[in-house]
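>>> Sequence first, then the predicted structure:
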Amino acid sequence: MHPIHPIVVHFPIALLCASVAFDALASRWPTGGLRETSLYTLLAGVMAAGLAVVTGGMEEDLAKRAGAPESVLELHESLGQVTLVIFVVLLGLRLAMQWGWLKEIRSLTLGLGAIGIVILGLTGYWGGELVYVYGIGVKTVMAPVTP
């Protein structure tokens, strides 16, 4: 089976970062549709993050068999799950505020989004370590033969 995780992970990274950026911009320009755009981008990002966690779990055994250190794999996996939880909580808060169940607290949503982005960055960093330091998912390519 072709590894799907490396393809999927780019979507939550882009969507969740964009969501927090739109939320920050909405604090400066509240009359536009930036807050709503942030919410929809967050929803798509959470769905993509869920898919990234699932595909990462599916490919964990392949990484173990390829020689990935257990400690790095577990750290990457744990950070990915924490990232998903943070953004699911943020989505829940944003929806509750949107529907009027909670008073809107911009500093809370921006702060939680910023923390989520930091954890997301650490998740990506350790995923990069698995690929670029330990060569997980990288096939050896032979140098071209010149006549």
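Nice, thanks for sending it over. Bear in mind that the values here come from a model prediction, so they are computed numbers and not experimental data.

>>> elements contacting the longest helix along the chain?
Longest helix in the chain, counting residues (DSSP state H): helix 34-65. Under the contact definition 3 or more C-beta pairs under 8 Å, 6 or more residues apart in numbering; DSSP states H and E, helix 34-65 sits against helix 5-8, helix 10-28, helix 70-98. Just so you know, the C-beta spots here come from the backbone N, C-alpha and C atoms, and that holds for glycine as well.

>>> distance between that helix and the chain's centre?
6 Å (C-alpha atoms, centre = their mean, to the nearest Å).

>>> Residue 130 contacts residue 60, correct?
No. The criterion here is C-beta atoms under 8 Å, and residue 130 misses it with residue 60 at 10.6 Å.

>>> In terms of neighbours, single out the busier of those two.
Counted by other C-beta atoms under 10 Å, residue 130 and residue 60 do not tie: residue 130 has more neighbours, with 20 against 16.

>>> Tell me, how many residues neighbour the residue nearest to the more buried one when sequence neighbours are not counted?
Once flanking residues are discounted, residue 130 sits nearest to residue 136: 4.5 Å by C-beta to C-beta, 6 or more residues apart in numbering. Other residues within reach of residue 136, judged by other C-beta under 10 Å, total 23.

>>> just residue 67 next, same as before
Residue 67 has 9 neighbouring residues, counting by other C-beta under 10 Å.

>>> So, low pLDDT: which residues of this structure?
By pLDDT under 70, the weakly predicted segments of the chain are 1-2, 139-147.

>>> If we use 80, what do you get?
1-3, 30-32, 137-147 (pLDDT under 80).

>>> returning to that earlier point: as a markdown table, the helices and strands packed on helix 34-65 with distance to residue 114 and mean neighbour count would be great.
Converted to a markdown table, these look like this (distance: least, C-beta to C-beta, whole Å; neighbours: other C-beta atoms under 10 Å):
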| stretch | distance to residue 114 | mean neighbour count |
| --- | --- | --- |
| helix 5-8 | 24 | 16 |
| helix 10-28 | 7 | 19 |
| helix 70-98 | 10 | 17 |
